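Enquirer: For reference, the sequence and a predicted model appear below.
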Amino acid sequence: MNLLMQTSAWPALRSKAIQLSRVHLRNFFEQDPERFARFSLRYGDWLLDYSKQRVDGETMTLLMELVQALDLPRGIRALAAGDQINFTERRAALHMALRAREGVHADVVRDCLGALEHWVTLIRNRELLGATGQTITHIINLGVGGSDLGPRIATEALAPQCNGPVVKFVANLDPAALNLALRDCKPAHTAFVVSSKSFSTQETLTNAQAAKKWLADALGSAGVGRHLFAVTNRPAAAQEFGVPAERCLFLPEWVGGRYSVWSSISLPLACAIGMQAFGEMLAGARDMDEHFTSAPMSTNLPVMLGLTDFWNASGMGLETLAVLPYSHLLRDLPAYLQQLEMESNGKRCTSTGELSRAPTAPVVWGGSGIVGQHAYHQQLYQGTRMMPMHFIVPRQAADERTRLLQLNALAQSAALMRGKTRDEAMDELRRNGLPEPEAQRLAPHVACPGNQPSTTLLMPDLTPRTLGQLLALYEHKVFVQGWLLGINSFDQYGVEYGKQMARSLAAGRLPADTDSSTRGLFDALEITPDLRR
């Protein structure tokens, strides 16, 4: 039996989940005027309000008992110390080392940052010249997954600070993605960053070959290398591809892809915002690391966020998590968090080799809150599913529009929790002058059940430092959930299986026992398979 199931707190939490599922969230607030004070947490200018979650004092006591029974403090210490917490691959998860001032692998980190700073300085000072002697003004990152999402959303989030070259990101193998990125670029002024830890990622290398051809057609084959960079753990493979040795930035083996935004993978980001701002982002993440590793469990921001999300997904069995940033700059944060959470904790096998008997990662989705409330929020209000939410609200300078943005976030979380009963709907319709029969007819359609659980995260204004804190906060909350579930948050064998299948099909190899659907689709695409096993 896996460790979670052996604790006394787990069956008590399951019973508590059944009990609380019968209680409307509105009742919690009616019965406890101090609920916000009891179920919110401050850290500096950060405020985590989880009072709209379906928890009470006993729930939080049981969750803390679970934390102690499963020795989460030991897990946090092991993560910070560089122990082999990636137990399937027998290695450490050392993303915190990338933003630490000293400690394990500090010399490697300094070397990587030094190489990054060298090239960023040349590019931002307009001293990097291409094959024709003209300045490089456009940087296009070719990568997918962790080699794309982190630097992409950080560049987007810090757009007001971007004062360097034009930076674009291409992840999709669809030719339209690269073609659109190249539409306003000139070969003489464009450099490509091929970001691939293994330098064998099929989608990235295929796009990189197309980029090389685009350059060679305009500049000649001999000059292509002066427009290429690579970020990889296999510099020899990058050099064989045609990237000059001095332009191969090293990505250590111990850096996981979805945690690599703190590494040389962020060459495009650093070109856009500068090394000083990138350093501030690292400092923000380091600040959250120090908080995570030193604060008591009950006042620890990532721990409390992780516990409430664990309670929803694994305790209450709720299947989704909607991330709703009320910030245009953070509009694509949900896409980043999809990889972080679902690739980390989308597992079913525990450390004992048994299948988890508790639900693991939720389906993460979402988007800009202000846009979503005019679209899919309808289902949150009157649909048939309970869907936990995160409202992320920066404390921006409060001009009229940003204040309205913030107030919309508060209104959404309040309305989705409180709901509107049928009687309240009737009263509203009567006040609006509808005849009694019409009010009776419409009331069921106007009523909203409410009862939707949410957490609101008020964060300081968005800067490189606070973005670093935000991303590290979510990294650590995902670790908390994985540790409690007893799964390995740092491998991705499922993703690797999909890659294996894609490579096999790309080579035209179909096993003899291939299903009829895949064979039929091969035929429909007029692909002739090689039927070798």
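Expert: Everything's here; your move.
Enquirer: Quick check: pLDDT value at residue 531.
Expert: pLDDT recorded at residue 531 is 46.
Enquirer: and what of residue 430?
Expert: 97.
Enquirer: show me what contacts it?
Expert: 436, 439 (Cβ atoms under 8 Å, 6 or more residues apart in numbering). Every C-beta, even on glycine, is put in place using the N, C-alpha and C of the backbone.
Enquirer: now it: how far from residue 436?
Expert: According to Cβ to Cβ, to the nearest Å, residue 430 and residue 436 sit 7 Å apart.
Enquirer: what does residue 120 give?
Expert: 70 Å.
Enquirer: Mind checking which of those two has more residues around it?
Expert: Each of residue 120 and residue 436 has its neighbours counted (other Cβ atoms under 10 Å); residue 120 has more, 24 against 10.
Enquirer: what's the domain layout of this structure?
Expert: 3-69+295-418+452-485, 95-282, 496-524 (automatic domain parsing).
Enquirer: State whether residue 268 is indeed within a helix.
Expert: Yes - per DSSP: H, G, I helix; E, B strand; the rest coil, residue 268 lies within a helix segment.
Enquirer: okay, now it: neighbour count?
Expert: Neighbours of residue 268 (other Cβ under 10 Å): 29.
Enquirer: Also residue 240?
Expert: Neighbour tally, residue 240, other Cβ under 10 Å: 10.
Enquirer: Just the pLDDT for it.
Expert: 97.
Enquirer: Which helix or which strand is home to it?
Expert: Under the criterion of DSSP states H and E, residue 240 resides in helix 235-241.
Enquirer: Now the element after that helix, going C-ward?
Expert: strand 248-250.
Enquirer: So residue 458: helix, strand or coil?
Expert: The assignment at residue 458 comes out as strand when based on three-state DSSP.
Enquirer: model confidence over stretch 435-445, on average?
Expert: 97.
Enquirer: and if you look at stretch 378-389?
Expert: On average, stretch 378-389 scores 97.
Enquirer: and if you look at stretch 485-501?
Expert: Rounded mean pLDDT across stretch 485-501 is 91.
Enquirer: Please list the residues outside it that contact it.
Expert: Here stretch 485-501 has contacts from 2-4, 70, 85-89, 93, 145, 202, 256, 310, 314, 343-352, 356, 358, 360, 478-479, 481-483, using Cβ under 8 Å, 6+ apart.
Enquirer: Show me which parts of the helix or strand bottoming out on mean pLDDT in the chain are buried, residue by residue.
Expert: The weakest-scoring helix or strand in the chain, judged by mean pLDDT, DSSP states H and E, is helix 493-506 (a mean of 84). Neighbour counts over helix 493-506 (16 or more other Cβ atoms under 10 Å) mark residue 505 as buried.
Enquirer: From the chain's centroid, how far away is that helix?
Expert: Offset of helix 493-506 from its chain centre (Cα atoms, centre = their mean, to the nearest Å): 22 Å.
Enquirer: With stretch 279-288 instead?
Expert: 17 Å.
Enquirer: who's in contact with it?
Expert: Counting by Cβ under 8 Å, 6+ apart, 98-101, 154, 158, 262, 301-302, 463-473, 476 sit against stretch 279-288.
Enquirer: Keep only those of these that are in helices.
Expert: 154, 301-302, 464-473, 476 (DSSP state H).
Enquirer: buried stuff in the following helix or strand past the least confident helix or strand of the chain?
Expert: The element immediately downstream of helix 493-506 (helix or strand, assigned by DSSP H and E) is helix 516-524. Neighbour counts over helix 516-524 (16+ other Cβ under 10 Å) mark residue 522 as buried.
Enquirer: Next, the angle from helix 516-524 to helix 493-506.
Expert: 40 degrees (axes from the mean of the first three to the mean of the last three Cα atoms, to 10 degrees).
Enquirer: out of the ones in helices among the contacts of stretch 279-288, which one sits closest to residue 231?
Expert: Nearest to residue 231, judged by Cβ to Cβ, of these is residue 154 at 14.8 Å.
Enquirer: Next, the contact list for the closest one, please.
Expert: Counting by Cβ under 8 Å, 6+ apart, the residues that residue 154 touches are 261, 266, 269, 281, 467, 471.
Enquirer: export the strand or helix carrying the fourth one as CSV, just CAs?
Expert: Okay, so that is residue 281. In the assignment (DSSP H and E), residue 281 maps to helix 275-294. Extracted C-alpha coordinates of helix 275-294, given in CSV (Å, rounded to 0.1, in the frame of the first residue of the first chain):
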residue,chain,number,x,y,z
MET,A,275,20.9,40.5,-18.0
GLN,A,276,20.1,42.9,-15.1
ALA,A,277,16.4,42.2,-15.4
PHE,A,278,17.1,38.5,-15.9
GLY,A,279,19.2,38.6,-12.8
GLU,A,280,16.2,40.2,-10.9
MET,A,281,14.0,37.4,-12.1
LEU,A,282,16.4,34.8,-10.7
ALA,A,283,16.6,36.8,-7.5
GLY,A,284,12.8,36.7,-7.2
ALA,A,285,12.8,33.0,-7.6
ARG,A,286,15.6,32.7,-5.0
ASP,A,287,13.5,34.7,-2.6
MET,A,288,10.6,32.3,-3.0
ASP,A,289,13.0,29.3,-2.6
GLU,A,290,14.2,30.7,0.7
HIS,A,291,10.7,31.3,1.9
PHE,A,292,9.7,27.7,0.9
THR,A,293,12.7,26.1,2.6
SER,A,294,12.5,28.1,5.8
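Enquirer: helices or strands next to the one helix or strand residue 365 maps to in the packing?
Expert: Assigned by DSSP H and E, residue 365 falls within strand 363-366. In terms of contacts (3 or more Cβ pairs under 8 Å, 6 or more residues apart in numbering; DSSP states H and E), strand 363-366 is packed against strand 320-325, helix 333-337.
Enquirer: Which one, of these, ends up nearest to residue 197?
Expert: helix 333-337 (17.5 Å).
Enquirer: contact partners of that closest one?
Expert: The contact list for helix 333-337, computed with Cβ under 8 Å, 6+ apart, reads 149-150, 152-153, 157, 322-323, 325, 364-367, 392, 471, 474.
Enquirer: Pick out whichever of the ones in helices among the contacts of stretch 279-288 sits closest to residue 244.
Expert: Within these, the smallest distance to residue 244 is 26.6 Å, found for residue 154 (Cβ to Cβ).
Enquirer: Tell me how far residue 324 lies from residue 436.
Expert: 38 Å.
Enquirer: I misspoke; the intended subject was residue 35.
Expert: Taken as Cβ to Cβ, the span from residue 35 to residue 436 is 37 Å.
Enquirer: Remind me what the host helix or strand of residue 16 packs against, helices and strands.
Expert: Taking DSSP H and E as the definition, residue 16 sits inside helix 9-20. Applying 3+ Cβ pairs under 8 Å, 6+ apart, we find helix 9-20 packed against helix 57-69.
Enquirer: All good on my end, thank you.
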